[in-house]
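Trainee: Fold the following for me, if possible:
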Amino acid sequence: MPSALSRALHAAAFGWYALVLKSLMEKDEEQLPAAIFVYGGPWKYLTFLNLLLQLSYFGLATLNDLRAAKHPDSPLSRGTDLLFSVFVFPVGMFVVVLFWTIFAYDRELVYPASIDSFFPPWINHSMHSLVLPVLLAELLLQPHRFPPTRHALAALGAVGSAYLSWIVWVYLSVGVWVYPVMAHFSSAGLAGFFLVNMSVLASLYALGEQLSGRVWSKELCIDPGATSPRGSCS
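Mentor: From the prediction side, this is the model:
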């Protein structure tokens, strides 16, 4: 059964992400710098999609908290475990790591200074910073069962490939890369960039799997030295 702290985290995170998304949707697109929402609107940005992903997870987790006492192993409970382990944790961490890595090198390649007046700092950090401590808190406060690694990576790889295909489609349709950094690569360089990103995403999944296994080895009835946090109590 979820602890009081995990229930509070789920409700607070859901409310916060709802507020952030509401603030974003209320923005007047006419004020945006040219090309920001050209073709596909915000739906082409991984940051925006990740906000929807985080909102969906914490909303479902909050709903599951209300049912956990009567249905501790319900389909909803198993579904939230799957959603968090395979998508929410690795994608959320990926957004934070990739954004701040590129931002530290040259912010114009990922978050041009021209949009600072449109997106205040609190929104920027809500999208690109706060995600990390919230995910780590969730991992520490709530045990999650992970699926077989090969199945999880296959699902994550399929979703990642679909998003990369969407980025390429946007470029072929309007001649504008979703992220300015991509304009600096050759075709071979882009392939390498995409491959590195997919490798980082897979590594972040493995990180979540290992951390969860070490923190919750007793609750999940597994060997903390095992390669994945799965198992069953006898």
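Trainee: Check what pLDDT the spatially most central residue of the chain gets.
Mentor: Most central in the chain under C-alpha atoms, centre = their mean is G92, positioned 2.4 Å from the mean C-alpha point. With respect to pLDDT, G92 scores 98.
Trainee: Would you agree it is in contact with V131?
Mentor: Yes: here G92 lies in contact with V131, judged by C-beta atoms under 8 Å, at a distance of 4.7 Å. Where you see a C-beta, it was placed from the backbone N, CA and C, and this is true even at glycine.
Trainee: Tell me the buried residues in the biggest helix by length in the chain?
Mentor: Looking across the chain with DSSP state H, the single longest helix is helix 187-215. By 16 or more other C-beta atoms under 10 Å, the buried positions in helix 187-215 come out as 190, 194, 197-198, 200-202, 204-206, 208-210, 212-213, 215.
Trainee: any common contacting residues for G92 and V131?
Mentor: Common contact partners of G92 and V131 (C-beta atoms under 8 Å, 6 or more residues apart in numbering): 50, 54.
Trainee: how about the helices in the chain?
Mentor: Assigned by DSSP H, the chain shows helices spanning 4-25, 46-67, 75-83, 89-106, 121-128, 131-141, 149-174, 187-215.
Trainee: Mind checking those helices for the one nearest to P180?
Mentor: Shortest separation from P180 across those is recorded for helix 89-106, at 9.2 Å, computed as C-beta to C-beta.
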